[in-house]
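*Asks:* Sharing a model prediction with you, sequence too.
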Amino acid sequence: MLRELWESIRGEQPAIHHPASFKASLPDLDEADTLLDEYDIPTGAVENISGLSCIIHYLNAKGTRSERRVTFHRFEEAKGQRYLRGYCHERSAPRSFRLDRVAAVIDLHTGEVWEPGALFFSRFEDEIEYTSGLSWGLSVTARADLIAGLNAIAFMARCDREFHPAEREVIEEFITSFWMRGEYPHELPVGEILGYAERLKPDAEMFFIALVRLGDKRELARLVKRHLQAVVAADGVIKPEETFWGSKVDSYLSL
């Protein structure tokens, strides 16, 4: 079932925000250490950075600068260096970026510029998860469950290239329901979590990884599926894209 699900969605990528001031700038060819082999079934975990999309200014080993939109998947380490794995929307392909070569990051949600890029990514590193606002007071497992649910719902909300205010309300309702379900003793930081969710623009890989995690958690899967259905109906119009992706959710999470 996993292979069938992945094969049916791997080539599909929802469009992400394209600011009027943005103009992609790319070298003729990306360097070898940036390229990633095509993979079979994704096996990555859900991390703080998963599903977030930004514009990055990247310097390759020759000092050539590129400007591109990337949906982040996860952090990776190789040969003593820290990398970001993600999907480059300008190349329409997965890419890997060395963190110390990211000169700047532009937040697609606010337009805020972070220079150097390390300032932006430091908020998502594993070692600060318990002291940063991104932990929201949750355990690693609970936070990963919440982020998986948010990625699945955000993907469905954006798959038709629109993000309706009513869909935002559904995401807020999911956050509240998740919190009540977990009976967490501390106050719900709904504003912080909703702000994080609004920055999510997950691609097909992150959607797949989120569904796989949800598929192992029946109660959570039912909660997410209910809100996915609510997102589709929120604006009163069911688009073909929503029908396509909704069918994938139904076929997988109904098992």
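*Replies:* Right, received. Where do you want to start?
*Asks:* all contacts plus neighbour counts: C-alpha atoms, from now on.
*Replies:* Will do.
*Asks:* Could you report the distance from residue 84 to residue 95?
*Replies:* Computed as Cα to Cα, to the nearest Å, the residue 84 to residue 95 distance reads 8 Å.
*Asks:* how about the strands in the stretch 1-150 of the chain?
*Replies:* 53-59, 65-78, 81-88, 93-98, 102-107, 113-114 (DSSP state E, counting those that start in this stretch).
*Asks:* Just the residues contacting the longest one, thanks.
*Replies:* For strand 65-78, contacts defined as Cα atoms under 8 Å, 6 or more residues apart in numbering pick out 23-27, 44-47, 49-59, 82-90, 201-203, 206.
*Asks:* Buried ones among the residues you listed?
*Replies:* 45-47, 49-59, 83-89, 201-203, 206 (16 or more other Cα atoms under 10 Å).
*Asks:* Spit out the contact partners of residue 16.
*Replies:* Applying Cα under 8 Å, 6+ apart to residue 16 gives the contacts 161, 201.
*Asks:* Now the nearest residue to residue 11 once chain neighbours are set aside. Its backbone dihedrals?
*Replies:* Among residues not flanking residue 11 along the chain, residue 204 sits closest, at 7.8 Å (Cα to Cα, 6 or more residues apart in numbering). According to degrees, to the nearest 10, the main-chain angles of residue 204 amount to phi -60, psi -40.
*Asks:* so how far is residue 50 from residue 204?
*Replies:* Taking Cα to Cα, one finds residue 204 at 12 Å from residue 50.
*Asks:* ok, now how distant is the spatially most central residue of the chain from residue 92?
*Replies:* The centroid of the chain falls nearest to residue 51 when counting by Cα atoms, centre = their mean (0.8 Å). Distance check for residue 51 against residue 92: by Cα to Cα, it reads 16 Å.
*Asks:* do the same with residue 45
*Replies:* 22 Å.
*Asks:* any idea of the pLDDT on the residue of the chain positioned farthest from its centre?
*Replies:* When distances to the mean C-alpha position of the chain are computed (Cα atoms, centre = their mean), the maximum falls on residue 62, with 29.7 Å. Per-residue pLDDT puts residue 62 at 91.
*Asks:* beta partners for the closest residue to residue 113 other than its chain neighbours?
*Replies:* Excluding its sequence neighbours, the residue lying closest to residue 113 (Cα to Cα, 6+ apart) is residue 106, at 4.5 Å. Counting by DSSP bridges, residue 106 forms beta bridges with residue 55, residue 113.
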